[in-house]
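Student: no sequence on this one, just coordinates:
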């Protein structure tokens, strides 16, 4: 998830990669994060895919935990969901052309992404 110097830098680098992936590969993003591929429907998920998704999420949680002072499991879980929800929501808004110029005004796309990723946990 990035090779920044601080845990916050590494988490932000991962977030930038996630948002870049969503922007550059929207159909793949939808397949991976929006579809019922991992069990949202009536068909059970493929066990290998479900395990890979779980492990990826645990890696993400470790990156989040590294940014917190004295993190306990409840704090890490809450912070991870907060960060994930913000990034996912922004990715979908942008992907569906719901982020309009009047919303971000003079901000560049980089500044906009940085603002989204600066969410405090």
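Tutor: Now that the structure is in, tell me what you want to look at. Predicted, not measured: the structure shown is a model, and the values here were computed from it. Numbers count the residues shown, from 1 in each chain.
Student: mind checking how far stretch 82-102 is from the chain centre?
Tutor: 11 Å (Cα atoms, centre = their mean, to the nearest Å).
Student: for that stretch, which positions count as buried?
Tutor: Neighbour-count burial for stretch 82-102 flags 83-84, 86-88, 90-92, 94-95 (criterion: 16 or more other Cβ atoms under 10 Å). Glycine gets a C-beta too; all of them are placed from N, C-alpha and C.
Student: if we look at that stretch, which residues are touching it?
Tutor: With contacts defined as Cβ atoms under 8 Å, 6 or more residues apart in numbering, stretch 82-102 is touched by 11, 15, 18-19, 22-23, 26, 29-30, 33-34, 60, 64, 112, 116-117, 119, 121.
Student: low-scoring stretches of the protein, by residue?
Tutor: For the chain, the stretches flagged by pLDDT under 70 are 1-4, 39-41, 43.
Student: quick one: the helices in it?
Tutor: Under the criterion DSSP state H, helices of the chain are mapped to 7-24, 26-33, 47-66, 73-95, 101-104, 109-117.
Student: what's the angle between the longest one and helix 47-66?
Tutor: Okay, so that is helix 73-95. 110 degrees (axes from the mean of the first three to the mean of the last three Cα atoms, to 10 degrees).
Student: List buried members of the contacts of stretch 82-102 by neighbour count.
Tutor: Using 16+ other Cβ under 10 Å, the buried ones in the contacts of stretch 82-102 are 11, 15, 18-19, 22, 26, 29, 33, 60, 64, 112, 116-117, 121.
Student: Enumerate every residue touching residue 30.
Tutor: residue 95.
Student: and if we set it to 10 Å?
Tutor: 22, 37, 91-92, 95 (Cβ atoms under 10 Å, 6 or more residues apart in numbering).
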